[in-house]
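Undergrad: pasting the structure only:
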């Protein structure tokens, strides 16, 4: 069975249900439950009961992204205003463990996070054996994220010193930001420390967040 964001679901193996907030792939979706948590589930453990016409879970602001229906690689950030304001504006690489209960063993979903008021067009390259390989490209709307890869733990260190090129656009009167070409750098040892994966108010999950570029707005 296929799911999309906004589908109401019931759990097969436990009481209760929720609303699908993100489709990771054909096998895994994230469900927002009544307690306010977002939890990954296998699609085989869910039954679809309808569609939620509301903007999202209570207390969560929705933001336009310019995406087309069914584009699950690109989705709005789930920002709570009193928390998101503490995170500096900019671009980030988010490493999200697929199994939030086993962050040191799980494969990762990688996202580019656009915590700015600009639309960002980007190209992302990973350095493998001294040669850059393009792995993702596209556009990310303001206050949105885009899935750029599922990465096994043995491959994560390849993403250190990956290269991001980006162009910023905002309609109307705006401050023009020069095109960006920068390396994404992090300490590989962090992926082996559980305390590196903290709850992030932009994604509502345990995340290892790497700052790529700061924006003064």
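TA: On my side now, so go ahead. On a predicted model such as this, the values are computed, not experimentally measured, just so you know.
Undergrad: Walk me through the domains of this structure.
TA: 7-51, 74-214 (automatic domain parsing).
Undergrad: Now render those domains as a markdown table, adding mean neighbour count and mean pLDDT.
TA: For the C-beta atoms, the positions are set from N, CA and C on the backbone; glycine is no exception. What follows is the domains of the chain, written out as a markdown table (neighbours: other Cβ atoms under 10 Å; pLDDT from 0 to 100):
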| stretch | mean neighbour count | mean pLDDT |
| --- | --- | --- |
| domain 7-51 | 16 | 78 |
| domain 74-214 | 17 | 90 |
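Undergrad: Off-centre distance for stretch 152-162?
TA: Stretch 152-162 has its C-alpha centroid displaced from the chain centroid by 17 Å (Cα atoms, centre = their mean, to the nearest Å).
Undergrad: neighbouring strands for the helix or strand where residue 146 lies, and are they parallel or not?
TA: Using DSSP states H and E, residue 146 sits within strand 144-151. Here strand 144-151 is paired, per DSSP bridges, with strand 74-76 (antiparallel), strand 108-115 (antiparallel).
Undergrad: Within the sheet, what are the partner strands of the following helix or strand past it, with directions?
TA: Under the assignment DSSP H and E, the closest C-terminal helix or strand after strand 144-151 is strand 162-169. With DSSP bridges as the test, strand 162-169 is paired with strand 119-128 (antiparallel), strand 180-184 (antiparallel).
Undergrad: Now find how far off-centre the next helix or strand after the longest one is within its chain.
TA: Per DSSP H and E, strand 119-128 leads on to strand 131-140 as the next helix or strand towards the C-terminus. Strand 131-140 has its C-alpha centroid displaced from the chain centroid by 16 Å (Cα atoms, centre = their mean).
Undergrad: Which strand or helix spans the spatially closest residue to residue 49 that is not a sequence neighbour?
TA: Once flanking residues are discounted, residue 49 sits nearest to residue 8: 4.8 Å by Cβ to Cβ, 6 or more residues apart in numbering. In this structure, residue 8 is located in strand 7-11 according to DSSP H and E.
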